[in-house]
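>>> Following is a predicted model, sequence given first.
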Amino acid sequence: MGGKRGNNEGSVTQRSDGRWQGAVTTGRDPATGKLKRVFFYGATREEAARKVTAALAEVQRGTFVEPTKLTVGQWLETWLVEYKKTELRPTTWDSYEITARVHIKPAVGELKLKDLRPEHLQRLYNEKAKAGLSPKTVTYIHTVIHGALGQAVKNGLVIRNVAEATTLPRKVKKEIRPLTLEEVKQLFDAIEQDRLFPAIYLELATGLRRGELLGLRWQDVNLKAGTITVKQGLVRVRNHEAQEGERKTMLVFQELKTATARRTIPIPEDVLAELKRWKARQNEEKLALGQGYRDNGLVFCAEDGQPLDPRSFTRHFDQMLKCAGLPHIRFHDARHTFATMMLELGESPKVVQQMLGHSQIAVTLDIYSHVSLDLERKAAARLNEVLKKEKAPSAR
């Protein structure tokens, strides 16, 4: 049975199945010029009328978004493939995809995109934190969903980015564990005969990231000038084209993320001499294998010239520490060791920032605040010596 149009309701009619249907004209299709109508449904006339009235108000304000069955999971797939695949580095895209697949989709992937609310995401963040994920990981989940929703706003799929109305867990500063100067000497004494000793020597003298160290090529080393130029990194990424039975990951060389990461670093004289000896040894390995050698031009590689797997290299570093009788540290702490030694020797934080390839000096100062505080105390003590006055002898 049909129903008459009520005041300010738009078109509301009753369907043959008993439900009520409302229709709102939202404009014209730019392709055909025909009027575009959006339909709403309700169990009662009043329910349908409320939806029509709300939609008419949004049309007047210019904030109306057409209802869609598109889910959060479907939009994440579109966003990752169509908008981020060509923009992000392979390792970053893989981490985005894994974050979406493992953390976001199971929680909110089935929700319609237009129905996603801040409380859905807040619950997701809170549950991940309770499950033991670090604040950094929860923040990364937020980064992915926030980016996807930002693009959805641009595309007119949603009115606002609901991720902006959430509260993230407070970040906990991770304590670093650099080696002391005595421990560095202890490590060198223990691994001096190890084939990859030159790699660790160079690492502690330059503070390269692991991928930068393993991606370093001889063409980027100026033995005459005593410098290295960091241009690329070696990383393991997912092989999305792998066939059944093939390995699901592969090693690739990729450009560095920022302009500040691409840098030229001077090499200490003794380290330079060690690199020259290493180059001679590598040439001997190349001659011994002949055609079996796979020359990639790498400074540090396997004996057959193939790139060193980053994880395998880290495990080898762990064995080196164990051999030296030192406590376990992450390989990244070798980078921290370089920076700490430089700052403790009185080097300018700005110079250390440039050598590390940090984008901003604030990053350097934040990571090494423990060193900065010690240096500030020493500076305060020196200033005290300059400013203090001799006390006049007391009158008797």
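Cool, the structure landed.
>>> quick one: the strands in the stretch 1-150 of the chain?
Taking DSSP state E, counting those that start in this stretch, the strands of the stretch 1-150 of the chain run over residues 11-14, 20-28, 35-42.
>>> could the ones you listed go into a markdown table alongside mean neighbour count and mean pLDDT?
The C-beta positions use only the backbone N, C-alpha and C, and glycine is treated the same way. What follows is these, written out as a markdown table (neighbours: other C-beta atoms under 10 Å; pLDDT from 0 to 100):
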| stretch | mean neighbour count | mean pLDDT |
| --- | --- | --- |
| strand 11-14 | 17 | 89 |
| strand 20-28 | 17 | 86 |
| strand 35-42 | 15 | 84 |
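>>> would a markdown table of the ones you listed with distance to residue 94 be doable?
Putting the strands of the stretch 1-150 of the chain into a markdown table (distance: least, C-beta to C-beta, whole Å) gives the following:
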| stretch | distance to residue 94 |
| --- | --- |
| strand 11-14 | 49 |
| strand 20-28 | 40 |
| strand 35-42 | 39 |
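>>> low-scoring pLDDT stretches of the protein, where are they?
1-10, 67, 370, 372-375, 389-396 (pLDDT under 70).
>>> So which residue is smack in the middle of it?
Of all residues in the chain, the one closest to the mean position by C-alpha atoms, centre = their mean is residue 92, 6.4 Å from it.
>>> so what's that residue up against?
With contacts defined as C-beta atoms under 8 Å, 6 or more residues apart in numbering, residue 92 has no neighbours.
>>> Likewise for residue 351?
Shown in contact with residue 351 (C-beta under 8 Å, 6+ apart): residue 342.
>>> What separation do you get for residue 322 and residue 86?
43 Å (C-beta to C-beta, to the nearest Å).
>>> Of the two, give the one with the bigger neighbour count.
Neighbour tally, residue 322 and residue 86, criterion other C-beta atoms under 10 Å: the higher count belongs to residue 322, 12 against 8.
>>> Remind me what the strand or helix carrying the more buried one packs against, helices and strands.
Take DSSP states H and E as the rule and residue 322 turns out to sit in helix 310-324. Packing partners of helix 310-324 (3 or more C-beta pairs under 8 Å, 6 or more residues apart in numbering; DSSP states H and E): helix 181-191, helix 197-206, helix 210-214, strand 232-238.
>>> Report all helices and strands that the following helix or strand past it contacts.
Downstream of helix 310-324, the next assigned helix or strand under DSSP H and E is helix 332-344. Packed against helix 332-344 by the contact rule (3+ C-beta pairs under 8 Å, 6+ apart) you find helix 181-191, helix 197-206, helix 349-356, helix 361-367, helix 369-387.
>>> Any buried residues in helix 332-344, and which?
Judged by neighbour count (16 or more other C-beta atoms under 10 Å), helix 332-344 contains these buried residues: 334-344.
>>> ok, how many other residues are close to the residue nearest to residue 195 when sequence neighbours are not counted?
Leaving out its chain neighbours, the residue that sits closest to residue 195 by C-beta to C-beta, 6 or more residues apart in numbering is residue 303, at 7.8 Å. Under the neighbour criterion other C-beta under 10 Å, residue 303 is assigned a count of 13.
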